[in-house]
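K.L.:
sequence and computational prediction follow.
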Amino acid sequence: MRDGFVPVARASELSPGAMKWVALDRERVLIANVGGVFYGLLDSCGHRQAPLSKGTLDGHIIECPLHFAQFDVRTGKPLSGPVAADVPTYEVQVDGDTVYARRPPPRCEGRAQEKG
Ligand code: FES
């Protein structure tokens, strides 16, 4: 492991336009190759938790197999369909033929409460 990155796949098994799910931190994580750049996304649609890895990938747009919501696989942002929430993304690195992923460090939400 390197800085929390865990090997999850071989780059050579994911040609451009391909995606697969892997297990990471007890979650299903979708790894997608978009034009030679790899991205990671929680493999769960924000609408009814359908596995996005069973959907379709067209360029950087991934479409849910259940009700066809579309997300930007690079950012997890919804583009259309019955969902407003982002899909959580994972950080991905490639070294040689190994694809590594990690959950992003948690972001500090809001301000810490001040004393007094
Ligand atoms: S479960 Fe994905 S759009 Fe409904």
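P.N.:
Yep, that arrived.

K.L.:
residues from this protein in reach of the ligand?
P.N.:
For the chain, the residues in contact with the ligand (Cβ under 6 Å from any ligand atom) are 45, 47-48, 50, 64, 66-67, 69, 81-83. All C-beta atoms are positioned from the backbone trio N, CA, C, and that covers glycine.

K.L.:
buried subset of these?
P.N.:
45, 47, 50, 64, 66, 69, 81, 83 (16 or more other Cβ atoms under 10 Å).

K.L.:
of the residues you listed, closest to R102?
P.N.:
Using Cβ to Cβ, C45 is the member of those that lies nearest R102, at 21.9 Å.

K.L.:
then S53 would be within a helix, right?
P.N.:
Yes - counting by DSSP: H, G, I helix; E, B strand; the rest coil, one finds S53 located in a helix.

K.L.:
contacting residues around the nearest residue to it once chain neighbours are set aside?
P.N.:
Counting by Cβ to Cβ, 6 or more residues apart in numbering, S53 lies nearest to W21, which is 4.1 Å off, once chain neighbours are set aside. With contact taken as Cβ atoms under 8 Å, 6 or more residues apart in numbering, W21 is in contact with 28-31, 43, 51, 53.
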